[in-house]
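A.B. asks: okay, predicted coordinates and the sequence, questions at the end:
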Amino acid sequence: MPEFKRGKGFADIFEPESTVFSFMEKTARRVFSSYGFAELRTPVMEQTELFARGIGTETDVVQKEMYTFPDKKGRSMTLRPEATAGVMRAYIEANCHARESVTKLFTYGPMFRYERPQKGRMRQFHQLNCECIGASEPQADAELILMLMTFLGEIGLADLSLQLNSLGCKECRPRYHQALKAFLDALNPEDLCEDCRRRKDTNPLRVLDCKVPSCKAVTEDAPRILDYNCPACRDHFRAVLDVLEKSGMPYTINHRLVRGLDYYNRTTFEVVTETIGAQGTVAGGGRYDGLVRQLGGPDVPGVGFAAGMERLALMVDQAGGVPGITPPDFYLAVLDEAALTDAVVIAQRLREAGKRGEVSFAAKSLKSQMRQASKTGARKCLLLGGNELAANAIAVKDMESGDQETVPLEALLVKI
Ligand code: HAM
């Protein structure tokens, strides 16, 4: 047993998983920047109050899932459970509003939520996150959704369902709250889980988000929020759907889609798959028009989303991994320890000439080095020992055909 172990719900991401992560990051940067998004990196820790006020004190995230602790001066700090609140804090602090009417920011990195770990659900996980701040037009929501779907396509994913709903605005949502609360009050309280009995009074929308089967069943016929949208919210949602339809982007309306965070209004959306188990929501987002103001900034609208990289990675793996990874050009096996210095020098020249490969250290048997060579996937295995060195030559073995020849060192580049 090792003396130190990583925490439950925390992962060490080795190859080939780390290659999948960097492939997603690279693709995200390329796709998002082609829509005018600029990269922002924010701290992983913020004042607790930012999340409480931004995400909502009645959400599961704030109630149960935050890593919160006092710093050395007794201030309450929290490891970010999501990126949006921190991005808004940065936007306000840098006064972006004064420089441009629309600010598009993209960020990625680790987030922390104290949840019960399972496949696709970690305590430290990674999000790719986009925020478009300053645009109130429904076409901005639609373009953001198209960008997300484009990105998912570019990393090779299919079998995805895009689901949408509209949560209305501060004018029409209270009417829906009332109707939903009346519906929930009329239920037998025993049919709701303990959390939902509380949510019913503090934040009835959350009940629709509950994953407990009995709560789901008894709310099957709950009033639908779209029926309570005011004309302005209805027009907004219609315009979002228009863009999606004209672009040929399939979607479904999900009346239960209320999202787990409190800052949303109007458009909300999630991208869901059934191919990776119970935790099948790979991305989610929506509009949050009052959020910047609520955090002490100007009254600007916004819309954004985050995609969970661990869940995407599961899908990328199923889809056959990262496309187009080229195997290394060489593996340099060292047949005798005295050849090691020259081996490193030769390998360095090859890399300077654009070749990729590695030297075998700790010269072991030829057999184990050949095994290692084929494990790396190298096209050629180079063999260097005392005899080769004396002849100023090196043996080159083609890993596919098994053919081997000895070539003068100066001719090596041509051979690999
Ligand atoms: P969220 O729905 O809480 O939204 O998280 C977005 C995505 O992060 C989820 O769909 C899921 O893929 C991934 N995720 C969440 N929790 C975990 C976990 N414990 N383990 C693995 N993956 C997880 C937000 O965070 C919003 N800030 C999105 C947003 C941005 N809305 C507007 N702008």
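C.D. replies: Nice, I can see it.
A.B. asks: quick one: stretch 408-416 to chain centroid distance?
C.D. replies: With C-alpha atoms, centre = their mean, to the nearest Å as the basis, stretch 408-416 stands 44 Å off its chain's centre.
A.B. asks: distance between the ends of it?
C.D. replies: Using C-alpha to C-alpha, to the nearest Å, the end-to-end distance of stretch 408-416 comes to 13 Å.
A.B. asks: now do the helices in the stretch 301-416 of the chain.
C.D. replies: Remark: helices assigned in the stretch 301-416 of the chain by DSSP state H, counting those that start in this stretch are 309-318, 340-352, 366-376, 386-390, 412-415.
A.B. asks: so which of those helices comes closest to Leu257?
C.D. replies: Closest approach to Leu257 among the helices of the stretch 301-416 of the chain (C-beta to C-beta): helix 309-318, 17.1 Å. (Glycine included, C-beta is placed from N, CA and C.)
A.B. asks: I'd like to know which elements the closest one is packed against.
C.D. replies: Counting contacts by 3 or more C-beta pairs under 8 Å, 6 or more residues apart in numbering; DSSP states H and E, helix 309-318 is packed against helix 17-33, strand 124-133, strand 281-287.
A.B. asks: which of the ones you listed sits closest to Leu162?
C.D. replies: With C-beta to C-beta as the yardstick, what comes closest out of those is strand 281-287 (9.3 Å).
A.B. asks: and that closest one, how far from the chain's centre?
C.D. replies: Per C-alpha atoms, centre = their mean, the centroid offset for strand 281-287 relative to its chain is 11 Å.
A.B. asks: do it and the ligand meet at all?
C.D. replies: Yes - using C-beta under 6 Å from any ligand atom, we find that strand 281-287 touches the ligand at Thr281, Val282, Ala283, Gly284, Gly285, Gly286.
A.B. asks: OK, contacts around the fifth one?
C.D. replies: Read it as Gly285. Cys130, Leu144, Leu148, Thr268, Phe269, Glu270, Val303, Gly304, Phe305, Ala306 (C-beta atoms under 8 Å, 6 or more residues apart in numbering).
A.B. asks: repeat that for 7 Å
C.D. replies: Phe269, Gly304, Phe305, Ala306 (C-beta atoms under 7 Å, 6 or more residues apart in numbering).
A.B. asks: check the fourth one too.
C.D. replies: When the contact criterion is C-beta under 7 Å, 6+ apart, the partners of Gly284 are Arg259, Phe269, Glu270, Phe305, Ala306.
A.B. asks: look up which residues are beta-bridged to the residue in the stretch 101-250 of the chain positioned nearest to the ligand.
C.D. replies: Per C-beta to the nearest ligand atom, Phe125 is where the stretch 101-250 of the chain lies closest to the ligand, at 3.4 Å. Beta-bridge pairing for Phe125 (DSSP bridges): Met111.
A.B. asks: next one: the one 4 residues further on
C.D. replies: Listed by DSSP bridges, the beta-bridge partners for Asn129 are Thr107, Ala306.
A.B. asks: so Ala135 sits right up against Val102, yeah?
C.D. replies: Yes - counting by C-beta atoms under 7 Å, Ala135 does reach Val102; the two are 5.0 Å apart.
A.B. asks: comparing the two, which residue is more hemmed in?
C.D. replies: Ala135 (20 against 16; other C-beta atoms under 10 Å).
A.B. asks: contact partners for that one?
C.D. replies: Contacts of Ala135 (C-beta under 7 Å, 6+ apart): Val102, Pro301.
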